[in-house]
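**Student:** Predicted model follows, preceded by the sequence.
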Amino acid sequence: MKILLVGKTGLLDLPVISEMIARGMLQKSAPLFELKVSKENTIIDYLIRGVHV
């Protein structure tokens, strides 16, 4: 199932994917790298926090 979804999903598919993860049909993906934000740049910090919500 995971192979079929790669590159073919968008933000509109997020509720369906979340439901599939909740039902155990898909595994939740792991981040590829740790996101590190410098506290010196508050604008970038604000933007990144908005994306992660």
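**Tutor:** Nice, thanks for sending it over.

**Student:** in the chain, which helix has the most residues?
**Tutor:** helix 42-52 (DSSP state H).

**Student:** C-alpha coordinates for that one, PDB please?
**Tutor:** What follows is helix 42-52, C-alpha atoms only, in PDB (Å, rounded to 0.1, in the frame of the first residue of the first chain):
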ATOM      1  CA  THR A  42      11.800  34.500  15.200                       C
ATOM      2  CA  ILE A  43      10.200  34.800  11.800                       C
ATOM      3  CA  ILE A  44      11.500  31.400  10.600                       C
ATOM      4  CA  ASP A  45      10.600  29.900  14.000                       C
ATOM      5  CA  TYR A  46       7.000  31.200  13.600                       C
ATOM      6  CA  LEU A  47       6.700  29.800  10.100                       C
ATOM      7  CA  ILE A  48       8.000  26.400  11.000                       C
ATOM      8  CA  ARG A  49       5.700  26.100  14.100                       C
ATOM      9  CA  GLY A  50       2.800  26.900  11.800                       C
ATOM     10  CA  VAL A  51       3.700  24.000   9.500                       C
ATOM     11  CA  HIS A  52       4.000  21.500  12.300                       C
END
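
**Student:** which residues sit in contact with Gly10?
**Tutor:** By C-beta atoms under 8 Å, 6 or more residues apart in numbering, the contact list for Gly10 is empty. Where C-beta positions appear, they are placed from N, C-alpha and C, glycine not excepted.

**Student:** Okay, now the unreliable bits of this protein?
**Tutor:** 1-8, 37-39, 52-53 (pLDDT under 70).

**Student:** What are the boundaries of the helices in this structure?
**Tutor:** 2-5, 14-22, 42-52.
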